[in-house]
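Colleague: can you look at this prediction? I've put the sequence above it.
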2 protein chains.
Amino acid sequence: MIGNLVQPEFEDMIRRQAWTELRDSIMALEPADAADVLIDLSDGLEGIVFRVLPKERAAMVFSYLPLDRQEELIRSLTGEQARSLFDQMTPDDRARLVEELPPDVTRRLLDALSPDELRATRELLGYPPDTAGRYMTPEYVALPADMTAREALEFARKRGRGKETIATMYVVDEKGKLLEDVRLSALVFADPNTKVSDIEERGTVSIPVTATRDEVIGAFDKYDRTALPVVDADGHVLGIITVDDVLEAARRKTTQEIQRIGGSEALDAPYFVTEFRAMLRKRGGWLSVLFLGEMLTATAMGHFEAEIDKAVVLALFVPLIISSGGNSGSQAATIIIRSLALQEMGLRDWWRVMRRELLSGLTLGAWLGLIGFLRITIWQQLGWADYTAHWVLVALTVWVSLVGVVMFGTLAGSMLPFILRRLGFDPASSSAPFVATLVDVSGLVIYFTAAMLILRGTLL
Amino acid sequence: MIGNLVQPEFEDMIRRQAWTELRDSIMALEPADAADVLIDLSDGLEGIVFRVLPKERAAMVFSYLPLDRQEELIRSLTGEQARSLFDQMTPDDRARLVEELPPDVTRRLLDALSPDELRATRELLGYPPDTAGRYMTPEYVALPADMTAREALEFARKRGRGKETIATMYVVDEKGKLLEDVRLSALVFADPNTKVSDIEERGTVSIPVTATRDEVIGAFDKYDRTALPVVDADGHVLGIITVDDVLEAARRKTTQEIQRIGGSEALDAPYFVTEFRAMLRKRGGWLSVLFLGEMLTATAMGHFEAEIDKAVVLALFVPLIISSGGNSGSQAATIIIRSLALQEMGLRDWWRVMRRELLSGLTLGAWLGLIGFLRITIWQQLGWADYTAHWVLVALTVWVSLVGVVMFGTLAGSMLPFILRRLGFDPASSSAPFVATLVDVSGLVIYFTAAMLILRGTLL
């Protein structure tokens, strides 16, 4: 059951030095649950637990620990024990750990690998970050094409233990080129004398080793498989990617996307794990860029200083108007960014989106403008504020400006992601706050232009 | 291979009326790829393709089509064909389709189901939306506990065909209570005479039927399984959830989260599928709420009208200062919302976060303030602008205000998600734009208060 943890009992076993009982109780847990128990144990005790576990299980539990606990644990175990832990991990888990650990810890660990293990890890590490090559594991079962179902089952029985997944196996020719995939279930159900290449009817799907993280996630989303083979340019199988690693990658991708929408560089690590200075740099970088953009508002306002001087009442509505443009802009940007990411729409749809957003902007702007107009009228009539003798014209200026600003906001917000995508950038890269900044500056111009047209001869 | 489509060839086959060739070519494709081909076919032709496909395959391809194409296709097929298509779908796919189709189409389809099929669909539909009950399928294989591995394989061979997944089977007692899960691979590798309940060593994980969507996604994230059993309060197996449906659910959840961060109610449907009026309502609702909040800025500005009148130069920096507060606030809010969603932190961490964010806000505010101070100094010195004789004091006011506003922004942005979570709301509910609005109003108060303290006796 989810969340059914018992760590006080474990601490008790450790106190009583009941090692066999401790070992058996932890073996009875899911590795993910065992990791949760370890996380909640008092400092130092987790090392003891690792010492009583069989190596293979210890490695599984270890792979579920958060990065900071993994690092702590490696430092606390003796060199020999840490090495054996590392040795038992699957190559893809190991490759990812190596990438994230501090270099000195990594070096100590890599030194201890067997030449074969080292090769597997090095091979995975040779591919660029966030490509299919980094997510794959070489631990799959390949079947020669002329094997029968019976022989294949026998083969899987011998070779399959310890492989990351044998639920699907891969039929290859004598050069290792992928011909077909075969599910274990299909193998079990097939006539024992059928050739393995004749068992599955469905087409074969594979992922190029150079595929990006998004392409890998997309392929799993699309094909509903629990594992997919990774091939080189000639179609040779290099490894497989399993769906659990894809779920993890998808989650990290979403985090980056959300952080960028929020106007920050992606942190790429949990909040408390990110070093304070690294976080300041990532957040401060974007804030500075946005600040430099916003400085244009001071320039724009400077141009209208004379108008503000003549009619101070105009200044009162500046924050209301520019923030409405910013809100409608980031709303439109977020919706379009997400639709593009989900491939609900493509670049070719920009015109359809633009027509729809112009109409949205017009309607939303007219609506907000109406609220603004009523606000000014009511405050004026009830004597809560004095918006000069020409308050009707002021209210009209606010209404007209809101139509213009909200239309411009939705237009800029919906088109910027298309433009960024067209130029080869990731549309999620801070589009939303960038749109808000853009709209702030142009919103001021729209507002004061409307004011000069409507209030000429009265207040201005 | 990904994206290796050939729909011109298919259109050609249709023109040549080469039905057998068409059928065989589509059968050779992955169902997901076949669906892509259909999407790209000219209007009306997809109905023809469905008519040549065997029922079961047609249903698989159908389940990969987007909702609007599914609806279109159902309307275009004759009643009988649509019914048979529907009849072949798995119960969970069918339940989700029924929920999303217009009621008249649904009724026509439900009428045609066999009593058993109807029961399965109705059962799934009886659970509240977005709970485990809606995602499960009753198509799993249950094994009696006293079966041997050999008998279980035989049993799976007979009962497993057509079940959604048999890669994992479930050992139950005579009352249907879950005892254990057994992977097909473990069954294949076990001694044929072992009891099925003695095969697996790992613990058994199950999902309560009332679990929320987030809990379901969390369980899959944690346990790295391709399917998990769903149980009632007494532990009886009701169905299973497969990882493909979880990937889909996780994607929809992310979309809602992102849209809410962007300041809109979640659209719950693709952009072009969402009706224009429904979209206006969802976007306009939040924009109106934010607008009402922003109206407080007009009130706040009203309080400082006298100061603006005396020193118009103060008005020039209003947009710059409030937007910096808003940016730092939504940045902090987004980062914290995501960390809470990923359970990187919990409610109890609020104090650690607050200390860290106060320090971040101080540093970032001091930095942005420095840029602002330099901007004013440079423009003044180069004669590009005239910020009065007391420009140094104006620049100092801007600096001090930025420290205060950015600190308040990061503080409000980081604490609001905790407060919302504490009160039982979803922290993602428009926190980011809400923070921006809150900070706009308080930013004005901070700015003008700083101005009154620093400029008293000179400009004010």
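Modeller: Great, that's in hand.
Colleague: count of neighbours near A:Arg69?
Modeller: Neighbours of A:Arg69 under the rule other CB atoms under 10 Å in any protein chain shown: 15. Placement of C-beta: from N, CA and C, glycine included.
Colleague: A:Arg456 too?
Modeller: 10.
Colleague: name the residues of stretch A:125-136 that come out as buried.
Modeller: A:125, A:127, A:131-136 (16 or more other CB atoms under 10 Å in any protein chain shown).
Colleague: where does chain A dip in pLDDT?
Modeller: A:1-7, A:78-79, A:102-113, A:118, A:122, A:161-164, A:429-430 (pLDDT under 70).
Colleague: picking that back up, please identify which pair of the buried residues of stretch A:125-136 lies farthest apart.
Modeller: A:Leu125 and A:Ala132 (13.8 Å; CB to CB).
Colleague: quick revisit: if we only consider the buried residues of stretch A:125-136, which is nearest to chain B?
Modeller: Using CB to the nearest CB, A:Ala132 comes nearest to chain B of those, at 10.6 Å.
Colleague: narrow the buried residues of stretch A:125-136 to those in helices?
Modeller: A:125, A:132-135 (DSSP state H).
Colleague: dump these into CSV; add distance to A:Arg456 as well.
Modeller: Below are these laid out as CSV (distance: CB to CB, whole Å):
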residue, distance to A:Arg456
A:Leu125, 69
A:Ala132, 64
A:Gly133, 66
A:Arg134, 64
A:Tyr135, 64
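Colleague: now, which of these sits nearest A:Pro31?
Modeller: So of those, ranked by how close each gets to A:Pro31 (CB to CB), first place is A:Tyr135, at 19.9 Å.
Colleague: do I have it right that that closest one meets A:Pro91?
Modeller: No. The criterion here is CB atoms under 8 Å, and A:Tyr135 misses it with A:Pro91 at 11.0 Å.
Colleague: export the buried residues of stretch A:125-136 to JSON lines and tack on distance to chain B?
Modeller: Below are those laid out as JSON lines (distance: CB to the nearest CB, whole Å):
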{"residue": "A:Leu125", "distance to chain B": "22"}
{"residue": "A:Tyr127", "distance to chain B": "17"}
{"residue": "A:Thr131", "distance to chain B": "14"}
{"residue": "A:Ala132", "distance to chain B": "11"}
{"residue": "A:Gly133", "distance to chain B": "16"}
{"residue": "A:Arg134", "distance to chain B": "18"}
{"residue": "A:Tyr135", "distance to chain B": "14"}
{"residue": "A:Met136", "distance to chain B": "15"}
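Colleague: wait, which of those residues is closest to A:Val392?
Modeller: For the buried residues of stretch A:125-136, the nearest to A:Val392 is A:Thr131 (62.8 Å; CB to CB).
Colleague: need the contact list for the closest one.
Modeller: Each residue near A:Thr131 by CB atoms under 8 Å, 6 or more residues apart in numbering or on different chains is listed here: A:209-213.
Colleague: beta partners of it?
Modeller: Beta-bridge partners for A:Thr131, by DSSP bridges, are A:Thr212.
Colleague: now it: how far from B:Leu247?
Modeller: Using CB to CB, to the nearest Å, A:Thr131 is found at 20 Å from B:Leu247.
Colleague: so how far is A:Val61 from A:Leu53?
Modeller: Distance from A:Leu53 to A:Val61, by CB to CB: 7 Å.
Colleague: with neighbour numbers in mind, choose between those two.
Modeller: Taking neighbours as other CB under 10 Å, A:Leu53 and A:Val61 compare with A:Val61 leading, 25 against 20.
Colleague: name the residues that touch the helix or strand containing that one?
Modeller: Assigned by DSSP states H and E, A:Val61 belongs to helix A:55-63. Residues outside helix A:55-63 that contact it (CB under 8 Å, 6+ apart): A:26-27, A:31, A:34-35, A:38, A:50, A:53, A:70, A:73, A:84-90, A:93, A:97.
Colleague: thinking again about what came up before, now, of the contacts of A:Thr131, which are buried?
Modeller: The neighbour count (16+ other CB under 10 Å) marks A:209, A:211, A:213 as buried among the contacts of A:Thr131.
Colleague: so A:Glu139: helix, strand or coil?
Modeller: coil (DSSP: H, G, I helix; E, B strand; the rest coil).
Colleague: and A:Thr255, what does it touch?
Modeller: Per CB under 8 Å, 6+ apart, neighbours of A:Thr255: A:266-267, B:338, B:342.
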